[in-house]
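# quick one, what's the 3D model for this:
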Amino acid sequence: MAKDKTIYTCTECGGISPKWLGKCPHCNAWNTLIESVAENSSGVKNRYSNQHQGLAKASELTLLSDIDATDMERTPTGHEELDRVLGGGIVEGGVVLIGGDPGIGKSTLLLQALDSLQRAGHSTLYVTGEESGAQIALRSRRLGLEGSQVKVLAEIQLEKILATLEAERPMIAVIDSIQTVYSDQLTSAPGSVAQVRECAAHLTRAAKASGVCIVLVGHVTKEGALAGPRVLEHMVDTVLYFEGDTHSSFRLVRAIKNRFGAVNEIGVFAMTEKGLKGVSNPSAIFLSQHTEPVPGSCVMVTLEGTRPMLVEIQALVDSGGPSPRRLSVGLDRDRLAMLLAVLHRHAGVACMDQDVFVNAVGGVRISEPAADLAVMLAITSSLRGRPLPKGFIAFGEVGLAGEVRPAPRGQERLKEAAKLGFSIAIVPKANAPKKNDKAFEGLTIHVVERIEQALEVVRSLN
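Now for the predicted structure:
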């Protein structure tokens, strides 16, 4: 089969060049020419015109109210934490993209999931482009997956992979990784923008047409984003990110996009000698086991998808020089600078000549503003050298005017804290529970409207 003619298109101005150039000859932008397949001007049928190869199955015009909307049938993977992130399990014809740093456990988790599905009687396929079949077999033996019947294909050519999918028709197939796959339709090397986009599009069409669930493993850049074109995330149904430090035994799998479930759900895993094991009570990971309260430590309840989790926020305020440092790990650094300004202006707590370091324990990343109150109380505790009371939690967003705003689903956060034995809470007034609610027995709740009120409550407790 003859290869299609390729051209190079500028991503800035849309100009076309017959060969690759470092600088676009039309707009003079650097490194913007990307390989693509030239459109055939003759009457030859477009290779994507077949309705069975569309990104979604073709259907007739239908009124929205007449469509029979039933929940997609899901197949559990045998790993509860992975099922939580996926929205309950894998979906027929679904395409999942999972990315993460090298060595963090992507291939390990997927091999364990395929083995569990195979033992449950489902047909599985593992396509490896980075390792040989012998390496996959050695890993399965290290994980204790003796006698595994998972089918393995060591191949990087897209056309051969598609032919195998058509012949085998597995229920789920893993492509490890999409950056190693190449198509004969393009002349560029595997991993290039054009190859990744073209191969992902063909695999997505194959999944929708055949009903095979395809899991694509993706590389990440040094900034932590998925390598390749951004359109890759738009093509697939679910995007998962593996997070965590390779030096730590805990891993987080976070759903960034999910057409079949809730986004921002997380699954927590512990890396053991036998692979990744789900952690049913992740709050225990993110809480340091202090025998006695220490200055600069405040516990908050954060929401990760539908799951409330207790996380310890630690702050260290130390004497700085003429240019004090503001450093945060797991929290937004710009928001930390804003909170320090609010603390100075509205509560009279000055840190302009102090180094301020803030850390979310356990490697978790908190993006929601409900951590504001806990961060400010931890900073104040460290600055004064006085610990917060034992069994103390706080959450709430703090505005520039010093007001404490409510956090979403505050009742669930308080119930999680009460369940884990916390006894004192400072929360926004709008998150105050109803009186005589037995779910909060043993938890003394102080409601505040402003940051200075919260600091006054802390002083009275000490």
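# quick one, helices of the stretch 301-450 of the chain?
Here the stretch 301-450 of the chain has its helices, by DSSP state H, counting those that start in this stretch, at 333-347, 372-384, 410-419.
# help me confirm that residue 184 is found in a helix?
No: Residue 184: not assigned to a helix; according to DSSP: H, G, I helix; E, B strand; the rest coil it is coil.
# number of residues surrounding it?
The number of residues packed near residue 184 is 12, by other C-beta atoms under 10 Å. In short, each C-beta sits where N, CA and C put it, glycine included.
# from memory residue 152 sits against residue 133, does it?
Yes: Residue 152 is within contact range of residue 133, at 5.0 Å (criterion: C-beta atoms under 8 Å).
# and these two? Which one has more around it.
Applying other C-beta under 10 Å to residue 152 and residue 133 shows that residue 152 carries more neighbours, namely 22 against 12.
# and the more buried one, that one's in a strand?
Yes: secondary structure of residue 152 (three-state DSSP): part of a strand.
# residue 387: neighbour count?
So residue 387, with other C-beta under 10 Å, has 18 neighbours.
# no, scratch that, I was asking about residue 323
Neighbours of residue 323 (other C-beta under 10 Å): 6.
# residue 343 versus that one, what's the distance?
From residue 323 across to residue 343, the span is 19 Å (C-beta to C-beta, to the nearest Å).
# cool, residue 268 as well?
32 Å.
# how about residue 173?
53 Å.
# longest helix anywhere in this protein?
Ranked by number of residues, the top helix in the chain under DSSP state H is helix 193-210.
# counting by contacts, list what it packs against.
Contacts defined by 3 or more C-beta pairs under 8 Å, 6 or more residues apart in numbering; DSSP states H and E place helix 193-210 against strand 33-37, strand 95-99, helix 158-168, strand 213-218, helix 231-235.
# out of these, which gets nearest to residue 181?
helix 158-168 (5.4 Å; C-beta to C-beta).
# what is the following helix or strand past that closest one packed up against?
Counting by DSSP states H and E, the next helix or strand C-terminal to helix 158-168 is strand 172-176. Packing partners of strand 172-176 (3+ C-beta pairs under 8 Å, 6+ apart): helix 106-119, strand 124-128, strand 213-218.
# ok now the longest one, how far from the chain's centre?
What that stands for is helix 106-119. Distance of helix 106-119 from the chain centroid (C-alpha atoms, centre = their mean, to the nearest Å) equals 19 Å.
# for that helix, which outside residues touch it?
With C-beta atoms under 8 Å, 6 or more residues apart in numbering as the test, helix 106-119 has contacts from 75, 77-79, 82, 90, 98-100, 124, 126, 131, 136, 139-140, 143, 145, 148-150, 171-172, 174, 176, 215, 217, 242, 253, 269, 275-276.
# what subset of these is buried?
Using 16 or more other C-beta atoms under 10 Å as the burial test, the contacts of helix 106-119 include 75, 77-79, 82, 90, 98-100, 124, 126, 131, 136, 140, 143, 145, 148, 150, 171-172, 174, 176, 215, 217, 242, 253, 269, 275-276 as buried.
# which of the helices and strands in this protein ranks last by mean pLDDT?
Lowest on mean pLDDT, DSSP states H and E among the helices and strands of the chain sits strand 33-37, with a mean of 80.
# so what touches the next helix-or-strand element following that strand?
Next helix or strand after strand 33-37 toward the C-terminus (DSSP H and E): strand 74-75. For strand 74-75, the external contacting residues (C-beta under 8 Å, 6+ apart) are 83, 86, 87, 88, 89, 90, 91, 117, 122, 171, 260.
# strand 74-75 pairs with which strands, parallel or anti?
Note on strand 74-75: by DSSP bridges, its sheet partners are strand 90-91 (antiparallel).
# what's the partner strand in contact with?
Outside strand 90-91, the residues that touch it by C-beta under 8 Å, 6+ apart are 72, 73, 74, 75, 77, 96, 117, 172, 213, 237, 260.
# now do the residue nearest to the first one when sequence neighbours are not counted against residue 151, distance only.
If I follow you right, that is residue 72. Spatial nearest neighbour of residue 72, excluding adjacent residues (C-beta to C-beta, 6 or more residues apart in numbering): residue 91 at 4.7 Å. With distances taken as C-beta to C-beta, residue 91 is found 21 Å from residue 151.
# ok, those two, which is more surrounded?
Using other C-beta under 10 Å, the more surrounded residue of residue 91 and residue 151 is residue 91, with 22 against 16.
# follow-up on the earlier one: adding pLDDT, write the contacts of strand 74-75 out as JSON lines.
Listed next are the contacts of strand 74-75 as JSON lines, based on pLDDT from 0 to 100:
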{"residue": "83", "pLDDT": "94"}
{"residue": "86", "pLDDT": "93"}
{"residue": "87", "pLDDT": "89"}
{"residue": "88", "pLDDT": "89"}
{"residue": "89", "pLDDT": "92"}
{"residue": "90", "pLDDT": "93"}
{"residue": "91", "pLDDT": "93"}
{"residue": "117", "pLDDT": "95"}
{"residue": "122", "pLDDT": "95"}
{"residue": "171", "pLDDT": "95"}
{"residue": "260", "pLDDT": "87"}
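# now distance to residue 280 too, for those residues, in TSV please.
Shown next, in TSV, are the contacts of strand 74-75 (distance: C-beta to C-beta, whole Å):
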residue	distance to residue 280
83	13
86	17
87	18
88	17
89	18
90	21
91	24
117	21
122	25
171	27
260	23
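# most neighbours, which of those residues?
residue 86 (30 neighbours).
# separation between that one and residue 278?
According to C-beta to C-beta, residue 86 and residue 278 sit 13 Å apart.
# can you check residue 344 too?
When C-beta to C-beta is the yardstick, residue 344 and residue 278 sit 44 Å from each other.
# looking at the helices and strands packed on strand 172-176, which is closest to residue 28?
When these are compared by C-beta to C-beta, strand 213-218 sits nearest residue 28, at 32.1 Å.
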